[in-house]
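Student: sharing a model prediction with you, sequence too.
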Amino acid sequence: MARRIPVPQLEGVTREEFLQRIYPQRKPVVLKGIDLGTCTTKWTADYISQVGGTKEVKIHVSTVPQMDFISKNFVYRTLPFNRFIHRAAENKHTEFFISEGCLFKEEKYYLRSLGEDPRKDVADIRKQFPLLEGDIKIPEFFEKEQFFSSVFRISSPGLQLWTHYDVMDNFLIQVTGKKRVVLFSPRDAQYLYLSGTKSEVLNLDNPDLNKYPLFFKARRFECVLEAGDVLFIPALWFHNVISEEFGVGVNVFWKHLSSECYDKTDTYGNKDPTAASRAMQILDRALKTLDDLPEEYRDFYARRMVLRIQDKAFSSNYE
């Protein structure tokens, strides 16, 4: 089993303390006692469903608690926001999208809010849910021009999202309810069996070590977020979120690199920086070029390429 390391929790951190002492370490931390406004008491299921009204939202629907973005073990459905809140909050469903007639199944629902045109617009609760904007104070721990998006994340109790990384720094603000979050350092990517930005390992508590034998080497950072907590997730840190009860979270992403570094078509904040994408494409072409050689030569020069890359992987900030 992966080593479990508690994520540090700090009370009443100021902007200056965050920027000078915490942020440069590039490690997750739970910030407690941050003034988030009235949302932590006002955002009950009844309140947000009433304020959000009948605005249509696109949600993930699954018959299993562990959602997998690689195999797509869920479907997308669209329904009014207030109906989604009702379904996500209820313990026993009376309506189903895909589980009707299955006595031992319950549907799980997940909303990741989108921009008006997801291909062009980022999620921003100030624009998509303006009547809720006044209830929440987003910690001003970054410059206004660095802001990228603010994303509603609302899910059924017991739902677990896939392990993935984002390319921007973000705050996961737990407004109401409780979440368990498991994180892995970017330095442990080689143990996570990646497919793109996502890990193939779904069951973190009971992983199949026959299929994923190196997973136990990954250092596992863990925390439980209560209402009012803010988790700082640095860019490239893998994270897996389990909703222990119905609740509302807001992710706030911001750019900590220059704008030119990011893919201009990225509205989710999870596309690799353009330089990294180009480097991966060049590497793929280089590996393809080795196909012209016999196996022993391919193996030898591939290993030399690995050694060159390892020489460049010198950062110790993620330890």
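Tutor: Everything's here; your move.
Student: CA atoms for contacts and neighbours, from now on please.
Tutor: OK.
Student: domain assignment for this structure?
Tutor: The chain resolves into domains spanning 4-261, 274-312 when parsed by automatic domain parsing.
Student: as a markdown table, these with distance to Tyr268 and mean pLDDT would be great.
Tutor: Formatted as a markdown table, these follow (distance: least, Cα to Cα, whole Å; pLDDT from 0 to 100):
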| stretch | distance to Tyr268 | mean pLDDT |
| --- | --- | --- |
| domain 4-261 | 7 | 92 |
| domain 274-312 | 15 | 92 |
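Student: from these, which stretch is densest packed?
Tutor: domain 4-261 (a mean of 18; mean count of other Cα atoms under 10 Å).
Student: so how far does it reach from one end to the other?
Tutor: 33 Å (Cα to Cα, to the nearest Å).
Student: which residues are in contact with Asp229?
Tutor: 30-34, 173-175 (Cα atoms under 8 Å, 6 or more residues apart in numbering).
Student: mind listing residues that contact the helix ranked longest in the chain?
Tutor: In the chain, with assignment by DSSP state H, the single longest helix is helix 295-312. Residues from elsewhere that reach helix 295-312 (Cα under 8 Å, 6+ apart): 287, 290-291.
Student: now the residues you listed as CSV including secondary structure and distance to Thr63?
Tutor: Below are the contacts of helix 295-312 laid out as CSV (DSSP: H, G, I helix; E, B strand; the rest coil; distance: Cα to Cα, whole Å):
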residue, secondary structure, distance to Thr63
Leu287, helix, 40
Leu290, helix, 44
Asp291, helix, 43
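Student: span of stretch 69-79 from start to end?
Tutor: Stretch 69-79: ends 21 Å apart by Cα to Cα.
Student: need the contact partners of it.
Tutor: Counting by Cα under 8 Å, 6+ apart, 56-63, 67-68, 162, 195, 198, 200 sit against stretch 69-79.
Student: which one of these is nearest to Val241?
Tutor: Val241 lies nearest to Trp162 out of the contacts of stretch 69-79, by Cα to Cα, at 7.6 Å.
Student: correct me if wrong, but the closest one is in a strand.
Tutor: No - read with DSSP: H, G, I helix; E, B strand; the rest coil, Trp162 is coil and lies in no strand.
Student: pretty sure it is touching Thr197, no?
Tutor: No - the criterion here is Cα atoms under 8 Å, and Trp162 misses it with Thr197 at 10.3 Å.
Student: can you list the contacts of Asp229 in JSON lines and add distance to Phe216 and secondary structure?
Tutor: Shown next, in JSON lines, are the contacts of Asp229 (distance: Cα to Cα, whole Å; DSSP: H, G, I helix; E, B strand; the rest coil):
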{"residue": "Val30", "distance to Phe216": "25", "secondary structure": "strand"}
{"residue": "Leu31", "distance to Phe216": "28", "secondary structure": "strand"}
{"residue": "Lys32", "distance to Phe216": "30", "secondary structure": "strand"}
{"residue": "Gly33", "distance to Phe216": "34", "secondary structure": "coil"}
{"residue": "Ile34", "distance to Phe216": "35", "secondary structure": "coil"}
{"residue": "Ile173", "distance to Phe216": "29", "secondary structure": "strand"}
{"residue": "Gln174", "distance to Phe216": "29", "secondary structure": "strand"}
{"residue": "Val175", "distance to Phe216": "32", "secondary structure": "strand"}
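Student: hmm, back to that, between the contacts of stretch 69-79, which is nearest Cys39?
Tutor: Taking these together and measuring to Cys39 by Cα to Cα, the closest member is Val57, at 20.8 Å.
Student: which residues touch the closest one?
Tutor: 78-81, 111, 113.
Student: mind checking how far stretch 184-195 is from the chain centre?
Tutor: 15 Å (Cα atoms, centre = their mean, to the nearest Å).
Student: apart from its neighbours in sequence, what residue is nearest Gly249?
Tutor: Take Gly249 and drop its neighbours on the chain: the residue closest to it by Cα to Cα, 6 or more residues apart in numbering is Gln174, 4.6 Å away.
Student: kindly apply the preceding question to Leu290 instead.
Tutor: Nearest to Leu290 is Arg298, by Cα to Cα, 6+ apart, at 5.6 Å.
Student: check which helix or strand covers Leu111.
Tutor: Per DSSP states H and E: Leu111 is located in strand 108-112.
Student: what pairs with that strand, parallel or antiparallel?
Tutor: strand 56-62 (antiparallel), strand 147-155 (antiparallel) (DSSP bridges).
Student: quick one: which of these is nearest Ser259?
Tutor: Using Cα to Cα, the nearest of the strands paired with strand 108-112 to Ser259 is strand 147-155, at 10.1 Å.
Student: what does the closest one rub up against?
Tutor: 88, 108-114, 122-125, 243, 246-255, 269.
Student: how about stretch 235-248?
Tutor: 43, 88-89, 152-170, 174-186.
Student: check stretch 82-90 too.
Tutor: 45, 48-50, 52-55, 93, 108-110, 154-157, 246.
Student: list the ones among these that fall in helices.
Tutor: Reading helices off the contacts of stretch 82-90 with DSSP H, I get 45, 48-50, 52.
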